[in-house]
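A.B. asks: Okay, here's the prediction I keep looking at, along with the sequence it came from:
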Amino acid sequence: MPSNTFYNEILTDHNLHPGHKHDLPDANLVLEGVNPSCGDDIWLKLKVEAGRITDGAFVGDGCAISQASADMMLDLIIGKSEEEAMKLAEIFLRMIKGEVTDEEMDQLEEASVLKDISHMPARVKCAVLGWHTMEEMLKTEKE
């Protein structure tokens, strides 16, 4: 289990140096995700070609957890199929509820450091904002 120091280092790095926080003008899927209880507001932008997420970015403002979680999510889903991205979202959301195996958690790579967020109920919505936005975006696209 990662230490709190490890958790803080990863969270801080993704918050201060997000690799995916920028505009993506050629995105073909764009959706706003808002957490009205705390003011987190992101625009998730994905470029999807033939069912594969070829690029992704987000813009907006929010707390360190929402921003870092969105950045970690994009690290994971870029290059994956839409189905693989949805499966990762399902695993992440079950992880937050404490309902995953160690093997499933390994699939989340760095995002697994957010596992203990479930002990901070006020922060759960922050951690899941990007993931819920991506799920809604891909479900809507399928319809």
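C.D. replies: Now that the structure is in, tell me what you want to look at.
A.B. asks: Any idea what V30 is bridged to?
C.D. replies: Bridge pairing for V30 (DSSP bridges) gives the partners K45.
A.B. asks: contacting residues for it?
C.D. replies: 43-46, 137 (Cβ atoms under 8 Å, 6 or more residues apart in numbering). The way it works is simple: take the backbone N, C-alpha and C, and place the C-beta from them, glycine included.
A.B. asks: for S81, same thing?
C.D. replies: 51-53.
A.B. asks: and what of D75?
C.D. replies: Residues in contact with D75 (Cβ under 8 Å, 6+ apart) are 19-20, 109-111.
A.B. asks: where along this structure do the helices fall?
C.D. replies: Applying DSSP state H to the chain gives helices spanning 4-16, 64-77, 82-96, 102-107, 121-142.
A.B. asks: From the contact counts, what lies against the shortest one?
C.D. replies: The reference is to helix 102-107. helix 82-96 (3 or more Cβ pairs under 8 Å, 6 or more residues apart in numbering; DSSP states H and E).
A.B. asks: buried residues in the helix it packs on?
C.D. replies: 82, 84-86, 88-89, 91-93, 95-96 (16 or more other Cβ atoms under 10 Å).
A.B. asks: Equivalent analysis for stretch 28-44, please.
C.D. replies: Residues of stretch 28-44 classed as buried: 29, 31, 33, 35, 38, 40-44 (neighbour count, 16+ other Cβ under 10 Å).
A.B. asks: Just checking: the least confident one among those is which?
C.D. replies: Minimum pLDDT across the buried residues of stretch 28-44 is recorded for C38, with 84.
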